[in-house]
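J.: Dropping the sequence and predicted coords here.
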Amino acid sequence: MNIQRTCLVTFALLIMVSASLEAADDLQRPASWQNPTPEEIHDQMTVWLNDMPLTEEVRQQAMQFWSGHSDDATQAVLLEHAVRTMAVLEPTAEQIVSICLDDDQLIATDFSLDQPDLPLWIQRHLRLVYGRWLTNHRLYNEAHQQLNELHHDDVVDPATLLFYKSVVAHRLIDKDICLETTSLLLENETQIPQRYAEIARLMQADIQPLKQESLDEIARIMRNIHNRLDLGRAGKRVRTEEEEVLDKLKKMIEELEKEEASGAGGAGAGNVAPSNPANDSAPLGGTGPGDVDPKNIGHQSGWGNLPAKERQEALQQISKDFPSHYRNVIEEYFKKLARDVGTP
């Protein structure tokens with residue numbers, strides 16, 4: 001009997017040790033992506049340049065950025081060297097370098113990088129640099145177009161790509177992509193800039209509790225609308241987002257009205273007899289002389305142009321459980337709606 005018990009205990013311990021080793025292995029599992037080394041990038045650039053029909057003068061001009069490459073060079077520096085090498089050979093790359101790396105000025109220029117004669121390797125790095133610049137200038141929708149199809153294995157600086165893709169997803173309220181991309185970025189935390197890691201964790205903490213059809217989501221959409229208008233980028237996208245905000249607010253107000261109507265109906269359903277005559281009670285249909293019908297503001301074409309008293313009541317109901325700055329955002333939006341309705 002003791003031998004049997006000893007065997008069972010030993011077997012249980014073996015299972016526990018095995019599970020612990022598997023858990024430790026999961027914790028120490030290598031990241032799914034790695035930074036290419038300076039030597040790998042240098043060799044790749046050399047092969048690429050040697051395959052091109054260049055004069056010796058142009059070749060030396062292109063290789064000047066790699067003559068003193070160091071093992072200590074950061075991926076951001078290597079990315080800049082790669083793009084500046086491309087700028088020696090490609091006019092489009094030269095334009096992007098001139099604006100995105102040198103001048104860094106916001107101008108109304110939209111580069112088209114879908115050029116059949118532009119090598120794919122060059123396109124990818126130009127998209128990364130251009131997308132980073134667009135993100136830094138709050139042009140998130142345009143940045144999404146440049147960065148969305150890029151894979152972290154496509155570029156010499158995968159951390160920068162993952163970081164800016166996550167920033168764009170966060171600002172465009174794409175919760176799933178933001179969480180997925182930040183998690184991928186943080187897999188290799190020891191190899192990325194500290195600011196990338198810290199901001200990634202902040203974005204995760206900020207967007208994780210976000211719920212659809214919430215006032216938080218509405219406020220974020222309105223922030224994006226304000227951002228686009230501030231940059232002079234009004235258009236179909238802004239109008240679509242404005243309609244989305246109106247629909248969400250309309251739905252929220254209708255739900256609050258239903259809750260109020262339901263609450264009013266339940267109040268008279270107890271055992272205590274009502275003190276007022278039955279024809280003034282809400283549960284009997286609201287057809288008496290009292291103002292008991294719910295305000296049907298959600299079904300009118302000009303529902304956003306509410307009278308001051310009704311607007312104040314709606315604001316109090318919508319924003320009572322949220323921080324004060326959300327209430328201010330909603331109030332300003334109602335005011336804008338009122339001005340728009342009054343404009344011929």
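T.: On my side now, so go ahead.

J.: I'd like the distance between Arg127 and Phe111.
T.: Spatial separation of Arg127 from Phe111 under the definition CB to CB, to the nearest Å is 9 Å. Using the backbone N, CA and C atoms, a C-beta is placed for each residue, glycine as well.

J.: ok, these two, which is more surrounded?
T.: Between Arg127 and Phe111, counted using other CB atoms under 10 Å, the more crowded position is Arg127 (23 against 18).

J.: Now name the helix or strand holding that one.
T.: Assigning secondary structure by DSSP states H and E places Arg127 in helix 120-136.

J.: which secondary structure elements does that helix contact?
T.: helix 75-89, helix 91-96, helix 140-147, helix 158-171 (3 or more CB pairs under 8 Å, 6 or more residues apart in numbering; DSSP states H and E).

J.: tally of neighbours for Cys178?
T.: 25.

J.: residues contacting it?
T.: Counting by CB atoms under 8 Å, 6 or more residues apart in numbering, Cys178 makes contact with 166, 169-170, 203-204, 207.

J.: Of the residues you listed - the most surrounded one?
T.: Counting neighbours by other CB under 10 Å, the one among these with the most is Ser166, which has 27 neighbours.

J.: and it, what is it in contact with?
T.: Under the contact definition (CB under 8 Å, 6+ apart), the residues listed for Ser166 are 177-178, 181-182, 185, 200, 203.

J.: now for those, which pair is the farthest apart?
T.: Of all pairs drawn from the contacts of Ser166, the widest gap by CB to CB lies between Ile177 and Ala200 and measures 13.2 Å.

J.: Neighbour count for these two, which is higher?
T.: Under the neighbour definition other CB under 10 Å, Ile177 and Ala200 were set side by side, and Ala200 has more, 24 against 16.

J.: which non-adjacent residue is nearest the more buried one?
T.: Spatially, and ignoring its direct neighbours in sequence, Ala200 is nearest to Thr182 (4.3 Å; CB to CB, 6 or more residues apart in numbering).

J.: what's the angle between whichever strand or helix holds the one you found and helix 140-147?
T.: Secondary-structure element containing Thr182, defined by DSSP H and E: helix 175-186. For the pair helix 175-186 and helix 140-147, the angle between their directions (axes from the mean of the first three to the mean of the last three CA atoms, to 10 degrees) equals 60 degrees.

J.: Counting neighbours, show which residues of the next helix or strand after helix 175-186 come out buried.
T.: Going down the chain from helix 175-186, the next helix or strand is helix 194-207, by DSSP H and E. Residues of helix 194-207 classed as buried by neighbour count (16 or more other CB atoms under 10 Å): 196-197, 199-200, 203-204, 207.

J.: Mind putting those into a markdown table with distance to Arg59?
T.: A markdown table is the format used below for the buried residues of helix 194-207 (distance: CB to CB, whole Å):
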| residue | distance to Arg59 |
| --- | --- |
| Tyr196 | 35 |
| Ala197 | 39 |
| Ile199 | 40 |
| Ala200 | 40 |
| Met203 | 43 |
| Gln204 | 46 |
| Ile207 | 47 |
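
J.: Let's have the residues you listed in CSV, adding pLDDT and distance to Ile221.
T.: Rendered in CSV, the data for the buried residues of helix 194-207 read as follows (pLDDT from 0 to 100; distance: CB to CB, whole Å):
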residue, pLDDT, distance to Ile221
Tyr196, 94, 26
Ala197, 94, 28
Ile199, 95, 22
Ala200, 95, 23
Met203, 95, 17
Gln204, 95, 20
Ile207, 94, 14
